[in-house]
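Colleague: sequence and computational prediction follow.
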Amino acid sequence: MKFNLPKKFRFLIFSTVIIIVSLLVIYSQTRFIPDTIKAITSLLPDKFCDDPSSPNQTGCTGAFIQSVLAVGSSPYQDVQGDVAVTGNLTVSNQVITNGRLTMTTANGAGPQTWHLDNINKNLRIFQQPTINDSGTVYMTIADGGKVGIGTGSPLGQLHIKTSPQWSSFNYGANLIIDGSRNNAIGILDSTSANPWAIVNVGGTLQFNRMPGLGDITSPPVNVVTIAWNDKVGIGTAAPDTALEVATEDSVSGLSFPGKLRISAAAPQIDFVDSDNIDWSIHANNNKLYFIREPWNYTDLVFDGTGKIGMGIDPPINKLHVGGSIGATSWIGAGCEVACETSGGYAILYPDGRIVATGVKSFEIPHPLDPTKKLVHAAIEGPEAGVYYRGEGRLVNGKALISLHDYFEALTAINHRTVLLTPKFDSDEPISNLAASAVKDGKFSVRAADSQNPSQKFYWEVKAIRNDIPPLVVEKPKGDK
């Protein structure tokens, strides 16, 4: 059967078919636009990439899409409207997939992929060696601003967890600061002021108090230094000993500055020698002790009242020695030992003189009763006298007494005296006696009558020392 359609109707049908076919062609081509663009850009020359400021960079692979989207005379500056991508957008091996930027490069054995993504409000940078590998997170910026390196859950503002090994002692190189200046770490207080710096100055680690931020003219104040030779300085940048303290901080109540202060309930400084013998300076119970093992606390004691104990604690006197005192020589020229109280004084002078007020007494053990002691006093006189005594007997009414051979050298010629006392044993007659002057270390004794030409007697010779100046009996008060 043959239909003869009107001419207008045939034209309408033909036009409809043309439109449907055109729509089908357009749809089939738009599905391949990304691959088509990618293929076209791969064929275009890169000659326009040599001049990034050129407004016409449509021939530059990797800049093609940006050039197409750009408007005006400055590509890469403005994009008109929003750019929405459904699926993957590949630009020079960079892929954005559901909030992720992926960069893939060939690395010898196979491709390595780096990702920048946003997971649960955390911005992550991680590496994925293969597509089936979960990857290693190297850096995370967590919600709230905390940064983690080597960890996806930073606990502090900056949390560094893993690092390569540093030296054979398994140190982790968690943070290394390197640069052409004196490398430092700056620390501010809670008010963003009062800066401090930990700085490496030529191999010397310093803790410095810094000037205000932006002040590049005021020098820092060095507080603590650890030198490369293991010496530590406090207040000095060049310590000469294992620990050198050069600060001058005033202590309340003192008129001079202190350099080292140790505060504790019972502060102590220990000194241990190569034989592991321990000495200590120890403060406790308002006393300062210089003690050693086995810690009997009596070696040297300074109590809180100005008393010193040696071998005894507590000391009773200003200097209390729990034992004997010995000396093999004088401490030095001009040495003077004195003891003064409200009741008097005693002084030992370097020339050997002993000067004392009051009674010059001494104590000796009692020869018969051990529960008692004897107290004797020295004989006093206005001269440095010596005496010698003995016994003699007349022979035919005469006797000659000889003294020690040093008598003449020791005593003055003047003021020599002889004292004679007759002695009897029973009822024999007694004669009076007389003595001559002492001369050449000798003196004679004669009977004053004929009662007993064999009279026994006691004799005593007194003289003044000739090897020292005469004693000045009267002098002004205060003179030595």
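Modeller: Now that the structure is in, tell me what you want to look at. Since we're looking at a predicted model, the values are computed, not measured.

Colleague: in the stretch 201-350 of the chain, what spans have low per-residue confidence?
Modeller: Where the stretch 201-350 of the chain drops to pLDDT under 70, the residues are 247-259, 326-343.

Colleague: what about residue 449, distance to residue 425?
Modeller: 19 Å (C-beta to C-beta, to the nearest Å). In short, each C-beta sits where N, CA and C put it, glycine included.

Colleague: which of those two has more neighbours?
Modeller: residue 449 (13 against 6; other C-beta atoms under 10 Å).

Colleague: which ones are touching the more buried one?
Modeller: By C-beta atoms under 8 Å, 6 or more residues apart in numbering, residue 449 lies in contact with 431-432.

Colleague: need the pLDDT of it.
Modeller: Note on residue 449: pLDDT of 95.

Colleague: name the SS class of it, please.
Modeller: Counting by DSSP: H, G, I helix; E, B strand; the rest coil, the backbone at residue 449 sits in coil.

Colleague: do you know how far it is from residue 430?
Modeller: For residue 449 relative to residue 430 (C-beta to C-beta), the value is 9 Å.

Colleague: before we move on, what about residue 288?
Modeller: The value you get for residue 288 to residue 430, if C-beta to C-beta is used, is 73 Å.

Colleague: cool, and residue 296?
Modeller: For residue 296, the distance to residue 430 equals 68 Å [C-beta to C-beta].

Colleague: against residue 391, how distant is residue 448?
Modeller: From residue 448 to residue 391 the distance is 19 Å (C-beta to C-beta).

Colleague: cool, residue 239 as well?
Modeller: As judged by C-beta to C-beta, residue 239 and residue 391 stand 79 Å apart.

Colleague: okay, these two: which has more neighbours?
Modeller: Neighbours per residue, other C-beta under 10 Å: of residue 239 and residue 391, the larger number sits with residue 239, 21 against 11.

Colleague: apart from its neighbours in sequence, what residue is nearest that one?
Modeller: Using C-beta to C-beta, 6 or more residues apart in numbering and skipping residues adjacent in sequence, the residue nearest residue 239 is residue 233, 3.3 Å away.

Colleague: next up, the contacts around the one you found.
Modeller: So residue 233 contacts 224-225, 227, 239, 243-246 (C-beta under 8 Å, 6+ apart).

Colleague: try residue 244
Modeller: So residue 244 contacts 231-234, 236 (C-beta under 8 Å, 6+ apart).

Colleague: now with 6 Å, please.
Modeller: Taking C-beta atoms under 6 Å, 6 or more residues apart in numbering, we find residue 244 in contact with 233, 236.

Colleague: wait, is it part of a strand?
Modeller: Yes. With three-state DSSP as the criterion, residue 244 is located in a strand.

Colleague: state the distance from it to residue 415.
Modeller: Counting by C-beta to C-beta - residue 244 and residue 415 are separated by 67 Å.

Colleague: same check, this time on residue 451
Modeller: For residue 451, the distance to residue 415 - C-beta to C-beta - is 32 Å.

Colleague: of the two, which one has the most company?
Modeller: Between residue 451 and residue 415, counted using other C-beta under 10 Å, residue 451 has the larger neighbour count: 14 against 11.

Colleague: quick one, phi psi at the more buried one?
Modeller: The phi and psi values for residue 451, taken as degrees, to the nearest 10, are phi -70, psi -40.

Colleague: residue 431: neighbour count?
Modeller: 19.
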